[in-house]
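1. make a model of this:
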Amino acid sequence: MSRSAAFWNLHQRHVQASLAINLINRTVQHVQLAISQEVVRNEAPVAQVDIPALDAPLPAPAWKPLPDLQIPSGAVRWYGDALVRLILSWFWQTLHGCQEPVVWVSHFQLYADFMCSTGHPGPIHRGKWRDGADEPYISLLAYAYKQRTRWFVKLLKESLRHQQISLVTSYGLPFSHMLLMHTGIVALPWPSERLRHIDQRMLKCVGTTFRRQSKLLDSLPFADADVRFPQVYLTTAGS
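-> Residues are numbered from 1 along each chain as shown. All right, here's what the predicted structure looks like:
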């Protein structure tokens, strides 16, 4: 605070300039996002016509409701109670009593939904399984989105396996306007509104669709909790 008036005048001008350029950048980003959304909307009919029969979405099977939730001790032993409890609470809360039609949901969408619902980065593996929320500066560690998704899906599948729950899985096109590529998919009655929000978030992050599993997909960042997604309440079920 003992600096001269000349310094503070320069500082104030810098602050004003930074705020001005930030406003310009945000305006440009909103324009780019609006253009990209329009392009995606206009591409959809063309894609439906041009995609050969082999690339058509797989027919969705019938959904078998989940049993009562238990926290499997076998999964807890490997991944820790906190992570297993949070992921299973999110999964059960989403699907319990859900009346949505069954669609093919990709692993990438499930991981994005989990982050947007909880604000949690998910599990990471560095020699052993760790809770991503306990890792300081995790966003600076450059974990690729595909790798983070694999870690997340492995924990989810293992937690379900320990409860003798099997989901219908396949490899094909997910229910998405952004993920226009073949990938690992799961047949689930997932809320369609949340899948739309995930599409919008992905579009906002990269400005284009994903047509193959390129480094562009790996660039997707961690997500904070999104108010458009229901808050997740932790189960009190025992293990």
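2. for the lengthiest helix in the chain, give the mean pLDDT please.
-> Ranked by residue count under DSSP state H, the longest helix found in the chain is helix 5-50. Helix 5-50 shows a mean pLDDT of 70.
3. could you do stretch 209-226 as well?
-> Mean predicted confidence for stretch 209-226 is 90.
4. also stretch 184-200?
-> 97.
5. and the end-to-end length of that stretch?
-> 21 Å (C-alpha to C-alpha, to the nearest Å).
6. and Val206, what does it touch?
-> 216, 219-220 (C-beta atoms under 8 Å, 6 or more residues apart in numbering). Bear in mind the C-beta positions are built from the backbone N, C-alpha and C, glycine included.
7. run the last query once more with 10 Å
-> 36, 178, 216-217, 219-220 (C-beta atoms under 10 Å, 6 or more residues apart in numbering).
8. can you tell me which of those residues is closest to His14?
-> Comparing these against His14 with C-beta to C-beta places Ser219 closest, at 30.2 Å.
9. roughly how far does the most centrally placed residue in the chain sit from Thr209?
-> Nearest to the mean C-alpha position of the chain, by C-alpha atoms, centre = their mean, lies Ala112 at 0.6 Å. Going from Ala112 to Thr209 by C-beta to C-beta, to the nearest Å gives 15 Å.
10. the residue nearest to the centre of the chain contacts Arg196, correct?
-> No - applying C-beta atoms under 10 Å as the test, Ala112 and Arg196 come out as separate, 12.0 Å apart.
11. ok, back up a step: export the contacts of Val206 to CSV and tack on distance to Arg201, neighbour count and secondary structure?
-> Formatted as CSV, the contacts of Val206 follow (distance: C-beta to C-beta, whole Å; neighbours: other C-beta atoms under 10 Å; DSSP: H, G, I helix; E, B strand; the rest coil):
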residue, distance to Arg201, neighbour count, secondary structure
Ser36, 13, 16, helix
Met178, 9, 24, coil
Leu216, 15, 16, helix
Leu217, 13, 20, helix
Ser219, 13, 12, coil
Leu220, 9, 21, coil
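12. okay, now the sheet partners of the top strand by length along the chain, with direction.
-> Criterion DSSP state E: the longest strand present in the chain is strand 183-188. Here strand 183-188 has these sheet partners by DSSP bridges: strand 103-106 (antiparallel), strand 169-172 (antiparallel).
13. isn't there a strand covering Phe91?
-> No - under DSSP: H, G, I helix; E, B strand; the rest coil, Phe91 sits outside any strand and is assigned helix.
14. tell me the contacts of it?
-> Neighbouring residues of Phe91 by C-beta under 10 Å, 6+ apart: 66, 69, 110, 113-114, 156, 159-160, 165, 188, 232.
15. closest to Val84 out of those?
-> Out of those, the member with the shortest distance to Val84 (by C-beta to C-beta) is Ser159, at 5.4 Å.
16. what is the host helix or strand of that closest one packed up against?
-> Here Ser159 sits within helix 145-161, counting by DSSP states H and E. Secondary structure elements in contact with helix 145-161, counted by 3 or more C-beta pairs under 10 Å, 6 or more residues apart in numbering; DSSP states H and E, are helix 73-79, helix 81-95, helix 107-118, strand 123-126, strand 128-131, strand 183-188, helix 215-218.
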